[in-house]
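*Asks:* mind looking at a prediction? Sequence and model below.
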Amino acid sequence: DGGITQSPKYLFRKEGQNVTLSCEQNLNHDAMYWYRQDPGQGLRLIYYSQIVNDFQKGDIAEGYSVSREKKESFPLTVTSAQKNPTAFYLCASSAFQGHTEAFFGQGTRLTVV
Amino acid sequence: QKEVEQNSGPLSVPEGAIASLNCTYSDRGSQSFFWYRQYSGKSPELIMFIYSNGDKEDGRFTAQLNKASQYVSLLIRDSQPSDSATYLCAVPISGGYNKLIFGAGTRLAVHP
C-alpha cells in the first residue's frame, strides 16, 4: 500500500541530545514537509523540500536540520539547540505539479525527559 | 498578518445543524485551497479541496471560495457528533516553492 511512514511513534529525548525522526514515502511524491504541532495549536512548518538534495527553511527551522538524499526519505534531526522540542511532529508529502494536497504520516510524539 | 487565519473556536453546534468554518489567506497568488480534519492525537486527513471560485460539494461537505475576498469556507450539513474535530485550512503559498501553510485550526464540537 502507498503511504507515508513515520517512526518512531513515540520518542523520548534527554536534555542535550540530538534525535532523528524518520519519514519515508512510497507515493513517488516530489515534495516533502515537516511540521510541528503543540497542544491546541495548528501546524507550523519546520522545513520543506521540493526535490532531492534541496530543501528550504520554514517558519520555525531554528534547532532543526534535515536532509533529502533520496526522493523517498526526509529525516528530521532535532538538535540540542532546540530548547523546547516536546511536541507532535508530522511529516507530509505532495506531488509538486498539479494537485498539491499533502498526505500525512501518523506522526511522532517527542518528549524531553 | 498571518498567511492563513482561522477562528480557533470552539464552534459548538447541535446535531443536525449546519457548521460553518471560515478561513482567510494573505497571498493573492494562491491557486488551491485545502480543508483537513484532525481528530485529537491523530494526523490530519484531507476532506476537501477547491481551486475555482464558487462552491464545491462532496456529500455533506461544501467548500466555498472567493478569491477576490481571499476567503474560503467549509460548510458541514447535518452535523454529527463524529464530526467533532479540529478543521485545518491549508494554502500553498505561490512563488515557485510549494510552501504549504496551515491555519491554526477551528475546533468543532457537535453536541447531541
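*Replies:* Nice, thanks for sending it over.

*Asks:* contacts only, for B:Ser69.
*Replies:* Applying CB atoms under 8 Å, 6 or more residues apart in numbering or on different chains, one finds that B:Ser69 lies in contact with B:Thr24. C-betas here are computed from N, CA, C, even on glycine.

*Asks:* just the element for it, please.
*Replies:* Per DSSP states H and E, B:Ser69 falls between elements, in no helix or strand.

*Asks:* which one is residue 49 nearest to, not counting chain neighbours?
*Replies:* You didn't say which chain, so I picked chain A. Take A:Ser49 and drop its neighbours on the chain: the residue closest to it by CB to CB, 6 or more residues apart in numbering or on different chains is A:Phe55, 3.9 Å away.

*Asks:* let me rephrase: I mean chain B.
*Replies:* What sits nearest to B:Phe49 in space, not counting adjacent residues and going by CB to CB, 6+ apart, is B:Phe34, at 4.8 Å.

*Asks:* got the CA coordinates for the helix or strand the one you found falls within in CSV?
*Replies:* Taking DSSP H and E as the definition, one finds B:Phe34 inside strand B:33-38. Once side chains and other backbone atoms are set aside, the C-alpha atoms of strand B:33-38 remain, and they are given as CSV (Å, rounded to 0.1, in the frame of the first residue of the first chain):
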residue,chain,number,x,y,z
PHE,B,33,-7.1,25.5,-1.0
PHE,B,34,-7.5,22.5,1.2
TRP,B,35,-9.6,21.5,4.2
TYR,B,36,-8.2,18.9,6.6
ARG,B,37,-9.9,17.3,9.6
GLN,B,38,-7.8,16.3,12.6
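
*Asks:* and for that strand, what's in contact with it?
*Replies:* Taking CB under 8 Å, 6+ apart as the criterion, the residues outside strand B:33-38 that touch it are A:101-102, B:21, B:23, B:25, B:44-51, B:61, B:63, B:65, B:72, B:74, B:85-91, B:102, B:105.

*Asks:* picking that back up, who's in contact with the residue nearest to A:Ser49?
*Replies:* Contacts of A:Phe55 were listed using CB under 8 Å, 6+ apart, and they are A:Tyr47, A:Tyr48, A:Ser49, A:Val66, A:Ser67, A:Arg68, A:Phe74.
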